[in-house]
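Visitor: no FASTA, just this:
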Ligand SMILES: [Mg+2]
């Protein structure tokens with residue numbers, strides 16, 4: 001993995017040489033610090049300001065793609081003209097139009113069963129929070145204290161096994177969170193592909209910090225892919241250190257697109 005800033009020059013010329021950019025940004029851990037209570041996530045004001053400037057540029061299509069639900073994203077980062085993908089890409093707003101991945105009855109039934117088990121676990125263990133996002137579920141265990149993480153994961157695996165075995169849902173472990181979502185062959189990467197088809201000339205620039213962002217990185221072999229936090233197992237080509245570094249990156253992007261690569 002390469003440090004983004006060590007390759008600033010070549011990235012700058014790649015950006016300036018491209019007829020347009022498709023900018024995909026994750027939310028938690030990328031634009032917003034990861035917080036103890038997931039409901040309190042906030043977009044860094046400096047980052048919001050930078051994003052506003054970038055959204056205003058015709059040459060950039062900006063989309064936030066997050067595991068959160070759309071309403072949550074709209075509340076946390078309300079910028080006119082900003083495109084949003086929620087629920088790991090299962091629903092999206094592009095140019096103001098809402099759309100979603102269609103669910104069949106099996107998906108709905110399995111999700112209901114998972115919902116029940118998630119809430120049973122939340123009732124049983126103090127410090128577990130369930131984020132019900134309609135199309136997917138997140139179980140947050142950052143505040144779990146009474147048992148260890150490994151022990152909890154074992155209990156989780158055992159409880160969820162019958163539903164997992166049906167093969168309709170998948171359970172994805174992220175940072176102190178386990179998401180339940182349909183095995184729908186539809187993820188953040190598919191959103192990237194959908195936009196790639198719509199804007200074939202534009203270059204992809206994708207930034208994210210967690211497991212589900214790897215789906216975006218995989219679909220962007222010719223683009224610029226940046227992981228927040230170095231991880232050599234990642235498919236991203238570059239890394240930046242943290243959210244403050246994402247802010248610098250957005251500034252660099254804005255400067256490069258408005259003034260050219262040699263600013
Ligand atoms: Mg994230």
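Guide: Here it is on my side, so go on. Computed from a predicted model, the values in this text were never measured in an experiment.

Visitor: which secondary structure elements does the longest helix along the chain contact?
Guide: Counting residues, the longest helix found in the chain (DSSP state H) is helix 105-124. In terms of contacts (3 or more C-beta pairs under 8 Å, 6 or more residues apart in numbering; DSSP states H and E), helix 105-124 is packed against strand 129-132, strand 137-140, helix 149-166, strand 169-173, strand 177-182. (C-beta placed from N, C-alpha, C; glycine too.)

Visitor: please redo it, this time with the cut-off set to 7 Å
Guide: When contacts are defined as 3 or more C-beta pairs under 7 Å, 6 or more residues apart in numbering; DSSP states H and E, helix 105-124 sits against strand 129-132, strand 137-140, helix 149-166, strand 169-173.

Visitor: report the closest residue of the stretch 101-250 of the chain relative to the ion.
Guide: Going by C-beta to the ion, the ion is nearest to residue 210 of the stretch 101-250 of the chain, at 4.1 Å.

Visitor: what values do phi and psi take at that residue?
Guide: Torsion angles at residue 210 (phi, psi; degrees, to the nearest 10) stand at phi -140, psi -180.

Visitor: nearest to residue 3 among the helices and strands packed on helix 105-124 would be which one?
Guide: strand 169-173 (27.1 Å; C-beta to C-beta).

Visitor: any chance you could map the strands in the stretch 151-263 of the chain?
Guide: Assigned by DSSP state E, counting those that start in this stretch, the strands in the stretch 151-263 of the chain fall at 169-173, 177-182, 203-208, 224-228, 238-240.

Visitor: dump those to TSV, plus mean neighbour count and distance to residue 195.
Guide: Converted to TSV, those look like this (neighbours: other C-beta atoms under 10 Å; distance: least, C-beta to C-beta, whole Å):
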stretch	mean neighbour count	distance to residue 195
strand 169-173	17	22
strand 177-182	22	20
strand 203-208	25	8
strand 224-228	25	15
strand 238-240	22	21
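
Visitor: dump the ones you listed to a markdown table, plus mean pLDDT.
Guide: As requested, those are arranged in a markdown table below (pLDDT from 0 to 100):
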| stretch | mean pLDDT |
| --- | --- |
| strand 169-173 | 94 |
| strand 177-182 | 94 |
| strand 203-208 | 98 |
| strand 224-228 | 98 |
| strand 238-240 | 98 |
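
Visitor: so residue 168 makes contact with residue 106?
Guide: Yes: using C-beta atoms under 7 Å, residue 168 is in contact with residue 106, at 5.3 Å.

Visitor: who has more neighbours, the two?
Guide: residue 168 (19 against 13; other C-beta atoms under 10 Å).

Visitor: grab the nearest non-local neighbour of that one.
Guide: residue 110 (4.1 Å; C-beta to C-beta, 6 or more residues apart in numbering).

Visitor: contacts only, for that neighbour.
Guide: Contacts for residue 110 (C-beta atoms under 7 Å, 6 or more residues apart in numbering) come out as 163, 166, 168-169.

Visitor: residue 81 now?
Guide: Counting by C-beta under 7 Å, 6+ apart, residue 81 has contacts residue 55.
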